[in-house]
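# Could you work out the structure for the sequence below:
(one chain, ligands or ions: 2)
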Amino acid sequence: MPVVRVLRRVACWMLQSPACGCRAPVLPSRFLGTSPRQIPTDANFHSTSFSEADQQRVLITGGLGQLGVGLASFLRKRFGKDNVILSDIRKPPEHVFLSGPFIYSDILDYKNLREIVVNNRITWLFHYSALLSAVGEANVSLARAVNITGLHNVLDVAAEHGLRLFVPSTIGAFGPTSPRNPTPDLCIQRPRTIYGVSKVHAELMGEYYYYRYGLDFRCLRYPGIISADSQPGGGTTDYAVQIFHEAVKNGRFECNLKPDTRLPMMYIDDCLRATLEVMEAPAESLSMRTYNISAMSFTPEELAQEVLKHVPELQVTYSVDPVRQAIADSWPMNFDDSNARKDWGWRHNFDLPELVTTMLNFHGPESRVAQAN
Ligand SMILES: NC(=O)C1=CN([C@@H]2O[C@H](COP(=O)(O)OP(=O)(O)OC[C@H]3O[C@@H](n4cnc5c(N)ncnc54)[C@H](O)[C@@H]3O)[C@@H](O)[C@H]2O)C=CC1
Ligand SMILES: CC(=O)[C@H](N)C(=O)O
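Ligands and ions are numbered 1, 2, ... in the order given. Predicted structure coming up:
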């Protein structure tokens, strides 16, 4: 094919609207290759048949963090216990080890990742490994390796083996020059943390692989996630989880953000349901590949007021961590998730009052008494 014609097709592909998520890549595969790692084009990677596709085989990376164990348990209800494999580089606690398949997987080890995908006939991959915003600032080179190099490995394995890939992004993918109240899906993204930079990179790389290689990449920008039975991994929104643990355990809480710092938040059940819903959404309903999702937005003071309705003796004090405060001040205050609501029917179930009663019910007022004895 004459060079000019090839160039014209490349230009045409590059000029597709970012909102045309339902279109497959327009370049023929012989120009693209099936994989960015130079695997022969006649290799039959996409071997999953339609009947097999009904029964997904799922891998979760970074699964021992705040969200992964809950995701595994949620997906196991849908796909069966043995079809959802949790992985991490850490040793799992016994109850996690006994609850379903667990394997060691370091996302920086590309061959190991590929072996796991092949040997277990994985069809869907949820890529949760990451260093979050505050720990990322404390260890930039590790955050760069895990969040960026690790993502490259995951993208390549997913593209080579025809996986559907979910990568979570975050409110942290926006920065001080983004509109903050509300923050729409498409706007300036100039985050000032390595975490945020790596997540913008993930969004862009995933979308690039979608257009270029046909990778079925799906991404949600999560708000700060609040969970009862798992601890946060070193982020800026951690206070909103810790307040419940401390309220129930000690009746005291020292908050590391200023009382009027407003951030978008979500209860974990909504987050996990949104994740499965976007993964199961028909491709033609997705006008984009990266969506904001939102549930509520509050300040530490507002959260404390709501907790005080149930734990009136709670004492909240403030000792601001300048690193976390600077990060929070650059993040969205309210998230505009109208595209998710329109395209694939996203609805949240938990607002602030339901969140607080659910969190406190989980721990139970007795826990505090039990701790004291
Ligand atoms: N928890 C939240 O509020 C939010 C989370 N997210 C995203 O959701 C995902 C999961 O978040 P969390 O569970 O809160 O994170 P977390 O920090 O609690 O857990 C991350 C896990 O990644 C693992 N990990 C680190 N290096 C690894 C490596 N080389 N190979 C394999 N695993 C490795 C860690 O051992 C850890 O268990 C992350 O990508 C995060 O960015 C996005 C927005 C909000
Ligand atoms: C909102 C997030 O991405 C995370 N919880 C963090 O605070 O870093």
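# okay, now whatever residue of the chain ends up closest to ligand 2: neighbour count?
Of the residues in the chain, the one nearest ligand 2 is Gly235, at a distance of 2.4 Å by CB to the nearest ligand atom. Placement of C-beta: from N, CA and C, glycine included. Here the number of neighbours of Gly235 (other CB atoms under 10 Å) works out to 24.
# burial measure for the nearest residue to it once chain neighbours are set aside, as a count.
Distance criterion CB to CB, 6 or more residues apart in numbering; nearest residue to Gly235, sequence neighbours excluded, is Leu132 at 3.9 Å. Here the count is done by other CB under 10 Å, and Leu132 has 22 residues near it.
# List the contacts of Leu132.
195, 232-236 (CB atoms under 8 Å, 6 or more residues apart in numbering).
# between those residues, which is closest to ligand 1?
Gly233 (2.3 Å).
# Next, count neighbours for the closest one.
18.
# that's a helix at it, yeah?
No. Counting by DSSP: H, G, I helix; E, B strand; the rest coil, Gly233 is not found in a helix; it is coil.
# if I read this right, it contacts Gln66, doesn't it?
Yes. The criterion here is CB atoms under 8 Å, and Gly233 meets it with Gln66 at 5.4 Å.
# Dihedrals phi and psi, the residue of the chain closest to ligand 2?
phi -110, psi -170 (degrees, to the nearest 10).
# do His161 as well
Torsion angles, degrees, to the nearest 10, at His161: phi -110, psi 20.
# can you tell me which residues contact it?
Neighbours of His161 in contact, by CB under 8 Å, 6+ apart: 45, 114, 117-118, 122.
# What is the burial count for the closest residue to ligand 1 within the chain?
Proximity of the chain to ligand 1 (CB to the nearest ligand atom) peaks at Gly65, 1.9 Å away. Each residue near Gly65 was counted by other CB under 10 Å, and the total is 21.
# What sits closest to it if chain neighbours are left out?
Nearest to Gly65 is Gly233, by CB to CB, 6+ apart, at 4.8 Å.
# Check Glu313 too.
That would be Gly251: by CB to CB, 6+ apart, it lies 5.3 Å from Glu313.
# go on, Val154?
Per CB to CB, 6+ apart, closest to Val154 is His127, 4.8 Å.
# What score does the one you found have for pLDDT?
Reported pLDDT at His127 in the predicted model: 99.
# so how far is Leu186 from it?
Separation of His127 from Leu186 (CB to CB, to the nearest Å): 23 Å.
# Those two: which is more packed in?
Neighbour tally, His127 and Leu186, criterion other CB under 10 Å: the higher count belongs to His127, 24 against 11.
# Verify the stated contact: the more buried one with Gly65.
No. Using CB under 8 Å, His127 is not in contact with Gly65, being 11.9 Å away.
# Need the max-distance pair from the contacts of Leu132.
The most widely separated members of the contacts of Leu132 are Tyr195 and Pro232, with 13.3 Å between them, by CB to CB.
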